[in-house]
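In: how would this look folded up:
(chains A, B, C and D, ligands or ions: 4)
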Amino acid sequence: MQVPYTVHTRSDTGLYNAKLGIWLFLSSEVMLFGALFSSYILLRVGADTWPHGYEHLNIPLGTVNTAVLITSSVTMVMAWASLMMKDFAKYRSYLGATILLAIVFLVIKGFEYAAKFEHGLYPSTSTYFGIYFTLTGLHALHIIGGIVVNAYLWGPGSKMWKTDPERFTHRIEIAGLYWHFVDIVWIFLFPMLYLL
Amino acid sequence: MEHTAGLAHGEHDTSHELSFWEKYIFSQDHKVIGIQYGITALLFLLFGFTLMIIMRWQLAYPGQPIPLIGQWLGDANAPGGIMLPEFYNQLGAMHGTIMVFLGVVPLAVGAFGNYLVPLQIGAPDMAFPKLNMMSYWSYFLGGVTMLSSFFVPGGAANSGWTSYAPLATIATTGQTFWLCGMIFLITSSLLGSVNFIVTIVQLRAKGLTFMRLPFFVWAQLVTSFLLLLAFPPLEAAGVLQLMDRLAGTSFFLPSGLVISGQPLHVSGGGSPILWQHLFWFLAHPEVYVLILPAMGIVAEIIANNTRKPLWGYKSMVYATIFLGFMSFIVWAHHMFMTGMGTVISAFFQTTTMIISIPSVIILTALLLSLYGGSIRFTVPMLFATAFLPMFGIGGLTGLPLGLAPSDIHLHDTYYVIGHFHYVVAPGTLFALFAGIYYWFPKVTGRQMNNALGRIHFFGSFIFINGIFMPMFIEGLAGVSRRLYDGGQQYAHAQGVLHWNVFMSISAFCLFFFQLFFIINFFWSMKKGKKVNSDNPWDATTLEWDTPTPPPHGNFIKPLEVFRGPYEYSVPGKSRDFVPQSEQEKV
Amino acid sequence: MSEAHTLEDVKQQVRRYVLVFVALLALTIVTVTISYFHLSVVPAIIVALFVASIKGTLVASYFMHLISERKLVFFVLILTGVFFLALMTLPVLHHADRGVV
Amino acid sequence: MRQFLGLPIDASAQGPSIDNLLVMVHWLMFVLFIGWLSYFIFTLIRFRKSRNPKADYHGVKGHYSSYVEVGVALTEVVLLVGFAFPLWAARVNKIPDEKDATVVRMVAEQFAWNVHYPGPDGIFGRTDINLVSSDNPLGLDRTDPYAKDDITTINQLNLPVDKPIIIELSSKDVIHSLNLPLFRVKQDAIPGQMVKVWFQPTMTTTQIRVTLSRTFSLANGIPEELATLTSLEDYRAKDSTVIVGKGGSFTDDLLPQLRQAGITDVKAAPDTPTEIACAQLCGLGHYRMRGFVTVQTPEEYAGWMKDQESQLQQQPQQ
Ligand code: HEA
Ligand code: HEA
Ligand code: CUA
Ligand SMILES: [Cu+2]
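Out: Ligands and ions are numbered 1, 2, ... in the order given. Presented below is the predicted three-dimensional model:
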């Protein structure tokens, strides 16, 4: 038994299954982060005082991290493009770079967290820090998820390139879509938490 | 390649033997997963009902020891068999949660949807079989988490199925379990809904256009969108409440709380109403998740048992889509009493009235479908016909709740309880029973016993009304819900309190009549009358084109669809039904 | 749609990725720089969200290929967008309480 | 229809309009349901298989159902625009001037209603959560000049009749809901927020008792229900000593005396018909979070106020 349209696109919808699937999944993620953004606005508007992000957070580190994540998005899409050009070795290095950049992002985030804890700033300190830790924490979980998936596709999962290159390319595209979404979330989180 | 790709090879496919585990436990076959969902959900329904039976005892005979099981409930819950108020609140919260999230949705979507959608659209399986399996196991974990919460100190969650903050924030550990359980359940629903939408959009058989889909499939499609887009906000809310409970944040806690005389030391600045917004942003669409699949089932059964096409199929489809859409913008009708201004309440009252129109359209279409039919009162049809007026009562009583000024008197009274039980119990549950009786032969190859089925129907019909009808009387008299003693304290409740006994006895009788179903269900699996055709009901939709029970991969011949789903009694045909896949002779 | 790509297409796309990348970095610097001016609340929010939206759109359009995506995907996204907006009205609803409206 | 619905009596000026809306919606529901149900039963009987062996492919023709649907929609529009919107607006926007009204604060807590009157100066004193203690549940700061004369009660709300009442409602801990069923008032009490509700009682509690009173025959002993009610008037023996006084209860041991006095019928009513209920789940004591409203004539109310004030004077001031 074989499920149709795992590899080829269905002519009337123009999509293969996983492509539609990932976009639906991302839609639900939009609603997840949307709810959190909207909670953030609600709480901030309702608060008597709300600190500016730049008073508490390290903007240079945040900026570096933004650049790191954007770069990882480029390497991700390059990994896919390499597969499209049938260059498996290049694919490997690009995806490898993506994974490394993601790890760098987490390490920097870790330093930021550690610095906060050292100063006795915890989620319970204020609603601002509550939001900061919850949103960045949830985002970090998404990063970790992405690392796991990408690591699989870099390592054991890449065997599929030999047996079913087209499907494998699809997988990278899907993983990429997810990864870019995580990037977009950060693109909004960064000004929201650090700059405003 | 385009359309026949991936059709099952039926028998050929068994080349690779599946182990017991792969076949029954970690199966990726949508039918096995459907059955797993079904059995688990039925057990949860029974469990949720049992919780309510215990509560109904307390409501009828407050402070009297619970017979039979009273002494097993433990001293922390019911010393000497007499229920404590804490325990009553746990039972209430868990009844609501279990019925909604672990019973009806998994049965309607997980079981019926999983089993039937691929069959009805002529697909070999769901689009992502592995995700499908993960979805079931995530549900299972969620269920286990919820059940285990009864055994933690302080017992299960006790802040209502709505878990309003700050009550839920300061509640016992059970609430943490509730939140974690919900996160599993939400994950399960999200995986499931992605899978359903992709399956329905991508895997339809050749010729099966959207307007030829059985109504049941449409209902599942819209339901999946509701789950996909409405659940994440509750997940967000769940994460925030978990943070409040575990990390000491105060997203839902305002400053200046004094709990039992002691100032609460939190940073404050949060909003209790935020939780309600996020909760109802899910929970209103959720109620249509409870009803749409039920309407789908009823539509299939009515078409089959009246032997005529559904009246106004297209308007039903559009109404369903519209209903799904509107359900996202009515949520605050649960919050009229939180201090809402004129403009906003006007908005939500209006959307609430608007959303009643598509329901009226669907109900009317189903009702008119009966006209001119040749109605067979089979057991599934009995349940399906009873669905109509029962849903009618439930839906109509939604109207006074939807008008804010009349909701002043009715909000949080038994009227609300009556309203929604009419839609979910004699409504959805009846539809689900109808579905079980109707598709049982496809799944098992055997019919369920007719006589037992009829006893089950009439017993259930009478007593379920006996439970829920008096709730309107109590509600109009002003009796609040969630009262441990059923309202004994209150003078305004005195005149209607005697109904509590009547309702409880009806509930016990309802429980008794479910035994006929349980016996019938298991007995018929082994001993029921064998069906002598793959299509025992002479039905038109594709699921009846498969062998019985359908093999792995479902269809053994390539499939093409030539017509709409309900071509019954077509003039000039010798038989009174024309299957969707039957080729026109040239 | 990926089947339709020729090698040339892909090469051209790669050039585009690099451009987008540069634009994203530039915008990041812009938004950070602006933040050092400590604008008052409303313009600050508008500018920050405006820049973030441009960046998000760039990523979505080019890295996620939305610019050449199928109708169906847009349908899903538009639907999500509508409900997302509904979610965003939530704070408005909340603060437009009794008496205010 | 109002009788049929079994609504409690109306004791506020707002009540009848709410009841009116309830009655109208229920008429709509009733007509729709009966109409639909008759049609439904008719089709089930007329088109059963034995009566109609061959189904008709086309079924119903014509557009009557659309007309009905349009009719339903129009009725809903009328209910909304004609009744629901204005009623709600009157409730939340047209809060009467504080000068003409009695203003009371109520602070809910697990599981009691704290009532706070501003006292003769008409100004509420300062409260502070750090002052909360078991004998100062509101945390009222008695050192504040405005607080000196403030009157507080627990679970007892006294109100004058025929005067607008404004309740400033909030909560100390979790969400509660102030429910005064006979006055058709319901409003969530939300911590961190203060919401105003207003209404105007039209009957005193005594009048309500009279309205609710019923006559019971003593022929077969004390009826079970009578045991839960209290007397509306004095029942005296031949020597005019009181057997059961106004507000007293009928206990079984009084039966012989009542019989001896030749009393065969008695009038009784609920002792506290006007009560405060909590309508929002607020924890294990939610079911018993009951308070009392006593609506009094202006004179009685003023007298009660005086009593409270003099009691306050006698207490040692912190
Ligand atoms: C499946 C579930 C379901 C469905 C379908 C509905 C449908 C509707 N609901 Fe209900 N509702 C709930 C489940 C559901 N509800 C639950 C669970 C709660 C309580 C949650 C809690 O607080 O715990 C609730 C609470 C609730 C409230 C809040 C009450 C309060 O707390 O004060 C309101 C208010 O507007 C409301 C309104 C409506 C309306 C207008 C509809 C409309 O969609 C109904 C439209 C339908 C009709 C108008 C019927 C039309 C049919 C006929 C006229 C035909 C008759 C036919 C025959 C006789 C054959 N509901
Ligand atoms: C889908 C939702 C659903 C369903 C189906 C039910 C079904 C029932 N409910 Fe429930 N109920 C809720 C959702 C539901 N309820 C919610 C959300 C609340 C509010 C909770 C809160 O306050 O927070 C509530 C509250 C609630 C109350 C109010 C409690 C209170 O306010 O204090 C009452 C009181 O009588 C009640 C009664 C019943 C009864 C008698 C049934 C009966 O209809 C049950 C009928 C059950 C069956 C008929 C079981 C069928 C299953 C089988 C026969 C199993 C077969 C098994 C195998 C074959 C293996 N419910
Ligand atoms: Cu206070 Cu319920
Ligand atoms: Cu609702």
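In: all helices for the stretch 1-150 of chain B, in order.
Out: Residue ranges of the helices in the stretch 1-150 of chain B, as given by DSSP state H, counting those that start in this stretch, are B:20, B:30-60, B:85-97, B:105, B:114-120, B:129-148.
In: And chain C, by the same measure?
Out: C:7-35, C:41-58, C:71-95 (DSSP state H).
In: would JSON lines of the ones you listed with mean pLDDT be doable?
Out: Listed next are the helices of chain C as JSON lines, based on pLDDT from 0 to 100:
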{"stretch": "helix C:7-35", "mean pLDDT": "90"}
{"stretch": "helix C:41-58", "mean pLDDT": "90"}
{"stretch": "helix C:71-95", "mean pLDDT": "88"}
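In: Would you mind giving those helices as a markdown table with distance to B:L221 added?
Out: Quick note: C-beta positions are derived from backbone N, CA and C, even for glycine. Output for the helices of chain C, formatted as a markdown table (distance: least, C-beta to C-beta, whole Å):
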| stretch | distance to B:L221 |
| --- | --- |
| helix C:7-35 | 34 |
| helix C:41-58 | 29 |
| helix C:71-95 | 12 |
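In: mind checking which of these is nearest ligand 1?
Out: Shortest distance between ligand 1 and these, using C-beta to the nearest ligand atom, is found for helix C:71-95: 15.9 Å.
In: That closest one near chain A anywhere?
Out: Yes. Judged by C-beta under 8 Å from any C-beta of the partner chain, helix C:71-95 comes into contact with chain A through C:71-73, C:76-77, C:79-80, C:83-84, C:87-88, C:90-91, C:94-95.
In: I only care about these that end up buried; give me the ChimeraX line for that.
Out: Selecting the buried subset of the residues of helix C:71-95 next to chain A in ChimeraX, with 16 or more other C-beta atoms under 10 Å in any protein chain shown as the burial test, is done by:
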select /C:72,73,76,77,79,80,83,84,87,90,91,94
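In: from the residues of helix C:71-95 next to chain A, which is closest to B:P233?
Out: Nearest to B:P233 among the residues of helix C:71-95 next to chain A is C:L87, at 6.4 Å by C-beta to C-beta.
In: per-residue pLDDT, the closest residue to D:V195 other than its chain neighbours?
Out: Residue nearest to D:V195 in three dimensions, not counting chain neighbours: B:G339, with 4.0 Å by C-beta to C-beta, 6 or more residues apart in numbering or on different chains. For B:G339, the pLDDT comes out at 87.
In: Which of the residues of helix C:71-95 next to chain A sits closest to chain D?
Out: Chain D lies nearest to C:H94 out of the residues of helix C:71-95 next to chain A, by C-beta to the nearest C-beta, at 10.7 Å.
In: isn't that closest one right next to B:S271, touching?
Out: Yes. Between C:H94 and B:S271 there is a contact under C-beta atoms under 8 Å: 7.0 Å.
In: which residues sit against stretch A:150-159?
Out: Applying C-beta atoms under 8 Å, 6 or more residues apart in numbering or on different chains, the contact partners of stretch A:150-159 are A:76, A:88, A:92, A:95-96, A:98-99, A:102, A:168, A:171-172, A:175, A:179.
In: and these, which are buried?
Out: Among these, those classed as buried by 16+ other C-beta under 10 Å are A:76, A:92, A:95-96, A:98-99, A:102, A:168, A:171-172, A:175, A:179.
In: now, which of the residues you listed sits nearest chain C?
Out: Closest to chain C, out of all of those and judged by C-beta to the nearest C-beta, is A:M76, at 7.5 Å.
In: before we move on, back to that, so what's the residue count around the residue nearest to D:V195?
Out: A count of neighbours around B:G339, defined by other C-beta atoms under 10 Å in any protein chain shown, yields 21.
In: Next: B:F512.
Out: By the criterion of other C-beta under 10 Å, B:F512 has 11 neighbours.
In: confidence score at it?
Out: Looking at B:F512, its pLDDT stands at 97.
In: Leaving out chain neighbours, which residue sits closest to D:D10?
Out: Spatial nearest neighbour of D:D10, excluding adjacent residues (C-beta to C-beta, 6+ apart): D:P16 at 5.4 Å.
In: Tell me the spacing between the one you found and ligand 1.
Out: Using C-beta to the nearest ligand atom, to the nearest Å, one gets 21 Å for the distance from D:P16 to ligand 1.
In: What about that residue, how many residues nearby?
Out: 14.
In: and it, what element?
Out: helix D:15-46 (DSSP states H and E).
In: and after that helix, which helix or strand comes next?
Out: Trace forward from helix D:15-46 with DSSP H and E and the next one is helix D:64-77.
In: relative to helix D:15-46, how tilted is the helix or strand that that following helix is followed by?
Out: Scanning forward in sequence from helix D:64-77 by DSSP H and E, the next helix or strand is helix D:85-92. Using axes from the mean of the first three to the mean of the last three C-alpha atoms, to 10 degrees, the inter-axis angle of helix D:85-92 relative to helix D:15-46 is 140 degrees.
In: Tell me the predicted confidence for the residue in the stretch 151-300 of chain D positioned nearest to ligand 2.
Out: Going by C-beta to the nearest ligand atom, ligand 2 is nearest to D:L281 of the stretch 151-300 of chain D, at 6.8 Å. Per-residue pLDDT puts D:L281 at 96.
In: do you know how far it is from A:H56?
Out: As judged by C-beta to C-beta, to the nearest Å, D:L281 and A:H56 stand 38 Å apart.
In: cool, and C:K71?
Out: 45 Å.
In: just the helices in the stretch 301-450 of chain B please.
Out: Going by DSSP H, counting those that start in this stretch, the stretch 301-450 of chain B shows helices at B:313-326, B:342-370, B:379-396, B:398-402, B:404-410, B:414-423, B:430-444, B:450-477.
In: If we ignore the residues flanking it in sequence, what's nearest residue 47?
Out: Using chain A. B:G269 (5.3 Å).
In: My question was about chain C, not that one.
Out: Closest to C:V47 by C-beta to C-beta, 6+ apart is C:I34, at 5.6 Å.
In: neighbours around the one you found, how many?
Out: Count around C:I34 with other C-beta under 10 Å applied: 17.
In: In contact with it, which residues?
Out: Counting by C-beta under 8 Å, 6+ apart, the residues that C:I34 touches are A:195, C:44, C:47-48, C:51.
In: Among those residues, which one lies nearest to D:M305?
Out: Ranked by distance to D:M305 (C-beta to C-beta), the contacts of C:I34 are led by C:A44 at 53.7 Å.
In: mind listing what the closest one touches?
Out: Contacts of C:A44 (C-beta under 8 Å, 6+ apart): A:195-196, C:34-35, C:38.
In: Looking at the residues you listed, which one is closest to chain D?
Out: Using C-beta to the nearest C-beta, A:L196 comes nearest to chain D of the contacts of C:A44, at 24.3 Å.
In: and stretch B:73-85, is it in reach of ligand 2?
Out: No. Figure legend: stretch B:73-85 not in contact with ligand 2 (C-beta under 6 Å from any ligand atom); closest approach 10.9 Å.
In: Show me the contact partners of that stretch.
Out: Against stretch B:73-85 from outside (C-beta under 8 Å, 6+ apart): B:54, B:57-58, B:63-67, B:70-71, B:86-87, B:90, B:155, B:484, D:284-287.
In: how about a cut-off of 10 Å?
Out: B:54-55, B:57-59, B:62-72, B:86-88, B:90-91, B:150-151, B:153-156, B:158, B:483-485, D:283-288 (C-beta atoms under 10 Å, 6 or more residues apart in numbering or on different chains).
In: buried sites along the helix or strand where A:H170 lies?
Out: Using DSSP H and E, A:H170 sits in helix A:165-190. Buried residues in helix A:165-190, counted by 16+ other C-beta under 10 Å: A:166, A:168-190.
In: Out of those residues, which are close to chain C?
Out: Restricting these to those within reach of chain C (C-beta under 10 Å from any C-beta of the partner chain) leaves A:166, A:169-170, A:173, A:176-181, A:183-190.
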